[in-house]
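Asker: no FASTA, just this:
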């Protein structure tokens, strides 16, 4: 009998524990329900604001951004055609709505990728015209997810600074061009350019560093020229 009584007591304990668990669950559900009732208005406002935000974003993308990107592209392509035809002034544009050119496309659509690319192209034309500070400022406005284009950007900015006799900035920008891209030829090209600039500036240590890097990492592109430059550093 004692054994039977002990087994019954264990079952009763398990039953009580189960009841307590369900009581806790019921109380939690009740608390949640009370919270929802008490804050229903606030929750509706928050949910509504989130919904409006999401719908607004998609509406902005579809009805504002997409048409502007299309307009910017058409304007950019018109400038490209003038550039291909050798009409640099028309390609540059910026003198009226009839022919926006690169300048007008950038000013009107600066927030788009095409607008930023137009700034870069406008800067290259300004560089050809010998207007190096204007070229630098326009090229500096360009940005892209394309690493090679970013390397070219810094390289072009270095050329502008070289023509403005700002030699201290040239090597810094060329270093950015070297590190901006994972493309080996692009990195080689700007490393070689940095080495030549260093020689011109009589910075032997920097020149040796750049040409030694070429000898170690980019010899397939250099045909042994870096060895000649390293030798030249000794007597330059």
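Answerer: Received, thanks. Quick caveat, the model's predicted, so the values are computed rather than measured.
Asker: how about the helices in this protein?
Answerer: 2-38, 40-60, 66-84, 88-92, 101-108, 113-128, 132-140, 147-163, 167-180, 184-200, 204-217, 219-222, 225-235 (DSSP state H).
Asker: dump the residue contacts of residue 108.
Answerer: Counting by Cβ atoms under 8 Å, 6 or more residues apart in numbering, residue 108 touches 72, 75, 100, 115. Every C-beta, even on glycine, is put in place using the N, C-alpha and C of the backbone.
Asker: for this protein, give me the ranges with low pLDDT.
Answerer: Within the chain, the stretches with pLDDT under 70 are 1-68, 231-236.
Asker: any chance of the contacts of residue 108 in a markdown table, plus neighbour count and distance to residue 200?
Answerer: Output for the contacts of residue 108, formatted as a markdown table (neighbours: other Cβ atoms under 10 Å; distance: Cβ to Cβ, whole Å):
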| residue | neighbour count | distance to residue 200 |
| --- | --- | --- |
| 72 | 24 | 40 |
| 75 | 23 | 40 |
| 100 | 24 | 39 |
| 115 | 24 | 36 |
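Asker: mind putting these into CSV with distance to residue 206?
Answerer: Formatted as CSV, the contacts of residue 108 follow (distance: Cβ to Cβ, whole Å):
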residue, distance to residue 206
72, 41
75, 43
100, 43
115, 37
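Asker: farthest pair within those residues?
Answerer: 100 and 115 (10.6 Å; Cβ to Cβ).
Asker: nearest residue to residue 150 other than its sequence neighbours?
Answerer: residue 180 (4.5 Å; Cβ to Cβ, 6 or more residues apart in numbering).
Asker: and for residue 158?
Answerer: Counting by Cβ to Cβ, 6+ apart, the residue nearest residue 158 is residue 173, at 3.8 Å.
Asker: so that neighbour sits against residue 154, correct?
Answerer: Yes. At 5.0 Å, residue 173 counts as touching residue 154 under the criterion of Cβ atoms under 8 Å.
Asker: give me the distance between the residue nearest to residue 186 when sequence neighbours are not counted and residue 79.
Answerer: Excluding the flanking residues, the one nearest residue 186 by Cβ to Cβ, 6+ apart is residue 151, at 5.0 Å. Residue 151 sits 23 Å away from residue 79, going by Cβ to Cβ, to the nearest Å.
Asker: now swap in residue 97 and tell me
Answerer: From residue 97 to residue 79 the distance is 14 Å (Cβ to Cβ).
Asker: quick one: which of the two has more around it?
Answerer: Neighbours per residue, other Cβ atoms under 10 Å: of residue 97 and residue 79, the larger number sits with residue 79, 27 against 8.
Asker: wait, the more buried one touches residue 105, no?
Answerer: Yes. Using Cβ under 8 Å, residue 79 is in contact with residue 105, at 6.4 Å.
Asker: name the residues contacting each of these two.
Answerer: With Cβ under 8 Å, 6+ apart, residue 79 and residue 105 have common neighbours 93, 118.
Asker: fine, thanks again, bye for now.
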